[in-house]
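Enquirer: Sequence first, then the predicted structure:
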Amino acid sequence: MAMKEGADTGGKIANPRGLPLATNFVVDPADNVTGYKSFQAGSFSFRRDEYFAYINTPTGFHTMPVDAFLRALMRDVAWGFFYGTVNFDQVFGTTNYYGEVDMFVGATNEAYVSAGRDFVERFKSDELMAIFKQMVSDWTNEGYDPFAAPMETGVPWGVKNGDNDEAVSRERVTARRMVGLKGDTPVRTDQNGYPVNRMFDDVKQDAPEVYAEPGFEHEVSAFNLFAYLSRSDVTWNPSVCSVVKDSLFCPTSEEYILPVEHGNDRCEWFITLSDEIIWNIKDGATGRPKAVVRQRAGDCACMPADIRHQGFSAKRAMLLVWENGSPKVPDLIREGKAPNVAVKF
Ligand SMILES: [Fe+2]
């Protein structure tokens, strides 16, 4: 679920709705009462107050609790709009076309679509991202970390009170080959700022011993993935930890709720490495419920390319997300040249 650095489509950008690019962006000054700035991107406007985020479009007005909005916005920013669709809730979200992005209300909600209340505009990804980054920075108060589990952070409520740019500008992990290799993303230790999380006190912290043949010392490496994940300081943030061509291992630690309903644009393998995660699976286009998947340690599932999913984890769990990062996959699926499922029984 996390993307390689610089992933792109090789020049061709799909635009299934044939939308023109919206180019107007405005950052409005801080409100006299709440202290928060408001933002405009195309025909969308965004405002927050003590409790809520408000999204206004030509077809309607949408309200979200600001904690849920900020947690989702944080993922959309950190993941660079991610693969496919990021539904902040059942109404608002973004769909990534890798270089350009559709922003919508109601477009993945069949009731909104059938009532003609859906609205979609298209943006250059870097231009919309600039607005989103300013929004998550301005709307996040001191002491609140939208990446953290709710029991491990402060609260997002109230009028403007400082900021937490250190938290909201975290660099996501994107190993070029593998965590722990020379010159690549380092393993996590107490010394580099990653103590073992309170829920993973029982995870062994030993490291594999590597005895390379002479001459291969720089080509052989190993690390303890469980120990690595036990030291993650964020939740629901899959990070690229190993790369073999387009095969990406993106492990992550999960606690509370995946802050978005992720609408896949490719198949996605989930291997639960510890504890338990419950997944609500819905149709990607309409939001109709399709399945509930309860995955315990050792269970493996493959999410089809045409669904959306949201996970729930009462006890911090480790999840390995395995992605095919090829930029060709979404078009192959749209054109019917690749299947929506990875295996047929
Ligand atoms: Fe996903």
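Expert: Everything's here; your move.
Enquirer: and the nearest residue to G311 once chain neighbours are set aside, how many neighbours does it have?
Expert: Of all residues not flanking G311 in the chain, L258 sits nearest, at 4.3 Å (Cβ to Cβ, 6 or more residues apart in numbering). No exception for glycine: its C-beta is placed from N, CA and C like everyone else's. A count of nearby residues for L258, using other Cβ atoms under 10 Å, gives 23.
Enquirer: Contacts only, for L258.
Expert: W236, H309, Q310, G311, F312 (Cβ atoms under 8 Å, 6 or more residues apart in numbering).
Enquirer: can you tell me which of those residues lies nearest to the ion?
Expert: Closest approach to the ion among those (Cβ to the ion): H309, at 5.7 Å.
Enquirer: and the closest one, what element?
Expert: Here H309 sits within strand 307-324, counting by DSSP states H and E.
Enquirer: and if you look at K133?
Expert: Take DSSP H and E as the rule and K133 turns out to sit in helix 125-139.
Enquirer: can you give me the strands in the stretch 51-200 of the chain?
Expert: 52-57, 60-65, 85-87, 92-96, 100-105, 119-124 (DSSP state E, counting those that start in this stretch).
Enquirer: mind listing the helices for the stretch 101-250 of the chain?
Expert: Remark: helices assigned in the stretch 101-250 of the chain by DSSP state H, counting those that start in this stretch are 110-114, 125-139, 165-168, 225-230.
Enquirer: quick one on the thing from earlier: among the strands of the stretch 51-200 of the chain, which is nearest the ion?
Expert: Between these, strand 85-87 lies closest to the ion; by Cβ to the ion that is 9.4 Å.
Enquirer: residues in contact with that closest one?
Expert: With Cβ under 8 Å, 6+ apart as the contact definition, strand 85-87 has outside contacts at 72, 75-76, 79, 93-96, 108, 260-263, 265, 284, 308.
Enquirer: 7 Å - rerun?
Expert: 72, 75-76, 93-95, 108, 260-263, 284, 308 (Cβ atoms under 7 Å, 6 or more residues apart in numbering).
Enquirer: check whether that strand contacts the ion.
Expert: No: figure legend: strand 85-87 not in contact with the ion (Cβ under 5 Å from the ion); closest approach 9.4 Å.
Enquirer: so where's the protein shaky on pLDDT?
Expert: The model of the chain has pLDDT under 70 over residues 1-11.
Enquirer: what does it have sitting close to the ion?
Expert: H262, N264, E268.
Enquirer: so where do the strands sit in the stretch 201-345 of the chain?
Expert: Using DSSP E, counting those that start in this stretch, the strands of the stretch 201-345 of the chain run over 242-244, 247-257, 261-263, 268-274, 276-283, 289-296, 300-303, 307-324.
Enquirer: what's near enough to touch the spatially most central residue of the chain?
Expert: By Cα atoms, centre = their mean, the chain has its centre lying nearest to R75, at 4.1 Å. By Cβ under 7 Å, 6+ apart, R75 lies in contact with V86, W236, P259, V260.
Enquirer: pretty sure the last one contacts A72?
Expert: In this case it means V260. Yes: V260 is in contact with A72 according to Cβ atoms under 7 Å; the separation is 4.8 Å.
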